[in-house]
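[1] Generate a structure from the sequence data that follows.
(one chain, ligands or ions: 1)
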Amino acid sequence: MRTIDWVDGAIELIDQTLLPQRVEVHRVTELPQLIDDIQRLAVRGAPALGVAGAFGVALIAASVQAEHGDDELDRDEVRRQAAILREARPTAVNLSWGVDRALTKLDAGAAAILDEAVLIRDEDIAACISMGLRGADLTRELAAKDRVSVMTICNTGSLATVERGTALGVIETLFEQGSLIEALPLETRPLLQGARLTAWELERMQAPFRLLIDSAGPFLLSRGIADAVFIGADRIAANGDTANKVGSFSLALAAQHAGVPFIVVAPESTIDMRTASGADIEIEDRGVDEVVGFGGTRTAPAGIDAVNPAFDVTPHDLITAIVTERRVILLSRGETLESVSLESLRS
Ligand code: MRU
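    Residues are numbered from 1 along each chain as shown. Just a heads-up that it's a prediction; the model follows:
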């Protein structure tokens, strides 16, 4: 089942807020529904947000066309609504990338926009396969082992993409190739994308894994529990600094301390050459409520304040390598996003 798709004139997506208890598909026919689904993380994960952005523009164009009934699409109205969608969440560059890429077909009309969005979906599927293969080869090479244990954070699997995933896609590939000893996902406070979503995916693929509480990750790396750490990314700046789920930075510090490779796995669409460094990346703060309670139960005293950055930034000098569908950039060996050219897609 695809995490997000275009089905009979609307977007269908798995409502991730209900997992792992229930698998429910939410049908999205209007822009406000899509924005709400993005903001409450019914659909989440950078590549999935890119596809949501592109399908969202297709939805907008179809509804503007239907409302006005003109032969000519009201392009200003499509642009106005697309600008609202673009801002639904700020950190993952894929959302604005998907919106902008779909908008490049605006002059060609609503059908051409939908075709572009479908192409983005298909490219995402192919990219995940390619990242898995590149990432698995690289991991065995860096770890100098045929079988490895890997730590990861958040959810970077099929639920964060259309199918298969980025960092979790590498773990799945290692598993299929007989190279996975075990995966070690962190639970990922406060919304538990690791415990709810990654554990659900690993169980479905029948891969060996053990779930860790977030604060155990760095310590267990120092004890040699993993041969590598894989993370996904929400935005990679031009200098390689990488925004990803909060907790990634601590894992990178610990990985360096333990001498373990720290590998970022993300599609080219997550690289934002217009953002010079991590300091320029806007980090979404999701507010007090997610910190002071969970699932409707309050866990902290009433009335207290909290800070809740959804992401952090790992400086490029803590990153061993970035794996995309078209290249491997070995930052630890002095390579940069500018010095390593794009190869053709591997699949
Ligand atoms: O807040 P979320 O769940 O959207 O955060 C997702 C992440 O941080 C992922 O690691 C990132 O988007 C990469 S997904 C392949």
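[2] Contacts only, for the residue of the chain found nearest the ligand.
    Closest to the ligand within the chain is residue 232: 2.7 Å, counting by CB to the nearest ligand atom. C-beta coordinates here come from the backbone N, C-alpha and C atoms, glycine included. Shown in contact with residue 232 (CB atoms under 8 Å, 6 or more residues apart in numbering): 45-46, 154, 156, 160, 165-168, 244-245, 264-266.
[3] Please apply the same query to residue 270.
    Taking CB under 8 Å, 6+ apart, we find residue 270 in contact with 46-47, 92-94, 233-236, 324.
[4] What about those residues, which are in strands?
    With DSSP state E as the criterion, strands contain 235-236 from among the contacts of residue 270.
[5] Just flag the most distant two among the contacts of residue 270.
    Largest separation among the contacts of residue 270 by CB to CB: 92 and 324, giving 15.4 Å.
[6] Let's see the strand or helix carrying residue 57 as PDB, backbone CA atoms only.
    Per DSSP states H and E, residue 57 falls inside helix 46-68. Presented in PDB, the C-alpha positions along helix 46-68 are these (Å, rounded to 0.1, in the frame of the first residue of the first chain):
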ATOM      1  CA  ALA A  46      10.100  15.000   3.900                       C
ATOM      2  CA  PRO A  47       9.700  13.000   0.700                       C
ATOM      3  CA  ALA A  48       6.000  12.300   1.400                       C
ATOM      4  CA  LEU A  49       5.500  16.000   2.000                       C
ATOM      5  CA  GLY A  50       7.100  16.700  -1.400                       C
ATOM      6  CA  VAL A  51       4.600  14.400  -3.000                       C
ATOM      7  CA  ALA A  52       1.700  15.900  -0.900                       C
ATOM      8  CA  GLY A  53       2.800  19.300  -2.100                       C
ATOM      9  CA  ALA A  54       2.700  18.300  -5.700                       C
ATOM     10  CA  PHE A  55      -0.600  16.400  -5.500                       C
ATOM     11  CA  GLY A  56      -1.900  19.400  -3.500                       C
ATOM     12  CA  VAL A  57      -1.300  21.700  -6.400                       C
ATOM     13  CA  ALA A  58      -3.100  19.200  -8.700                       C
ATOM     14  CA  LEU A  59      -6.000  19.300  -6.300                       C
ATOM     15  CA  ILE A  60      -6.100  23.100  -6.200                       C
ATOM     16  CA  ALA A  61      -5.900  23.300 -10.000                       C
ATOM     17  CA  ALA A  62      -8.700  20.800 -10.400                       C
ATOM     18  CA  SER A  63     -11.000  22.700  -7.900                       C
ATOM     19  CA  VAL A  64     -10.200  26.100  -9.400                       C
ATOM     20  CA  GLN A  65     -11.000  24.800 -12.800                       C
ATOM     21  CA  ALA A  66     -14.200  23.200 -11.600                       C
ATOM     22  CA  GLU A  67     -15.300  26.300  -9.800                       C
ATOM     23  CA  HIS A  68     -14.700  28.800 -12.500                       C
END
